[in-house]
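**Student:** got a sequence here, can you model it:
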Amino acid sequence: MSDNLKTIRELADEFKVSKQAVRKRLTDEFRANYVETVDKNGVATLVVTVTGYMLLKQHFSSGNDSEKVGSNVDGNGGNANVTSDNKQTTDNSYVFKILEQQLAVKDKQIENKDSQISQMQNLLDQQQRLALQDKQLLEEYKAEIKDLKALTMAPHDDGEKEVTSDKQPEPENSTPESQPKPKKWWRFGK
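**Tutor:** Just a heads-up that it's a prediction; the model follows:
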């Protein structure tokens, strides 16, 4: 394994706890954010990222330090408290660095989403303009067709207007009985 990714067994050995204790800390949310699956020799292995490692280290070291502090306070006059405070400060500063890195990543993601939203708004504006142009052209075409229809309707000598409509079919041909029935191909001998 690489130095950045640690298996559950490696973490349990390092923190001096059981594998079950480490697995208990790997909740669904923790697994979604800090655990990856890596194939090693054809076997899928769960590994914890650096950020997850630091969070587990903070959890297990705070649990172990509190036990050590309680047992060592009488023996060395409280020097264990000072050591644990220094260790906690360095752990906290490392966690803050990790959080700052995550914040920077989130900022980049937000910038990306802002640019996507801007592009979508531009496309929507363009679509609306094209739809408006289409509507205007349609209105112009309707007006042109109306003018052409008015020109084709020329008055006769007796003053009546001739109306030609191609849309009215003859009623005799539109019924299915009046149309000839197709001959069937298998009746050649009859």
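**Student:** and the strands in the chain, which stretches?
**Tutor:** Taking DSSP state E, the strands of the chain run over residues 6-7, 35-40, 43-48.
**Student:** show residues contacting the second one.
**Tutor:** What it means is strand 35-40. Residues from elsewhere that reach strand 35-40, judged by C-beta atoms under 8 Å, 6 or more residues apart in numbering: 1, 5, 26, 44, 45, 46, 47, 48, 49, 52. Where C-beta positions appear, they are placed from N, C-alpha and C, glycine not excepted.
**Student:** switch to 6 Å and redo it
**Tutor:** Applying C-beta atoms under 6 Å, 6 or more residues apart in numbering, the external contacts of strand 35-40 come out as 44, 45, 46, 47, 48.
**Student:** what segments of the protein are helices?
**Tutor:** Here the chain has its helices, by DSSP state H, at 8-15, 19-25, 28-34, 50-76, 79-152, 171-174.
**Student:** now do the contacts for residue 4.
**Tutor:** Contacts for residue 4 (C-beta under 6 Å, 6+ apart) come out as residue 50.
**Student:** let's go with 7 Å and repeat that
**Tutor:** Going by C-beta atoms under 7 Å, 6 or more residues apart in numbering, residue 4 touches 49, 50.
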